[in-house]
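Chemist: structural data only, the sequence is not supplied:
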């Protein structure tokens with residue numbers, strides 16, 4: 001029986017797939033968590049070539065928001081709207097509200113809150129580069145009433 005050799009250095013498809021998954025988790029995802037807005041926007045243009053046929057909101061932008069663990073949910077794309085957050089900007093300004101996942105696109109965060117009369121107000125959009133810290137105020141049982 002003769003053993004055939006392939007042109008990819010003997011690596012099986014399973015090995016190639018595992019290597020790609022490793023690169024995505026150990027290189028690409030951490031890069032997204034630390035990259036500037038300009039670099040993230042550049043990556044978005046080439047995302048199909050870099051990451052394959054995947055939604056940038058579910059990967060690139062969700063991974064970028066992971067630098068602020070309080071604002072993401074491991075099973076959901078984009079920012080997590082469930083909990084009220086305090087957002088501290090690099091200039092020291094602070095804003096409190098619930099993230100609006102629909103309005104928070106491409107590295108821009110929008111917060112929604114209600115004033116004493118119940119009127120909705122929005123803050124932002126804040127660029128991911130403007131944000132120093134995001135903290136969850138408390139666990140919520142659901143979205144803002």
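Modeler: Sure thing, it's come through. All values reported here derive from a predicted model rather than from experimental measurement.
Chemist: any regions of this protein where pLDDT drops low?
Modeler: Flagging of the chain using pLDDT under 70 yields the residue ranges 1-9, 139-145.
Chemist: show me the residue at the heart of it, geometrically.
Modeler: Centroid check for the chain by CA atoms, centre = their mean gives residue 62 as the closest residue, at 1.8 Å.
Chemist: helices of this structure, start to end?
Modeler: 13-23, 29-34, 37-45, 47-51, 62-65 (DSSP state H).
Chemist: put together JSON lines for these, with distance to residue 123 on each row.
Modeler: Bear in mind the C-beta positions are built from the backbone N, C-alpha and C, glycine included. Shown next, in JSON lines, are the helices of the chain (distance: least, CB to CB, whole Å):
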{"stretch": "helix 13-23", "distance to residue 123": "37"}
{"stretch": "helix 29-34", "distance to residue 123": "23"}
{"stretch": "helix 37-45", "distance to residue 123": "18"}
{"stretch": "helix 47-51", "distance to residue 123": "28"}
{"stretch": "helix 62-65", "distance to residue 123": "17"}
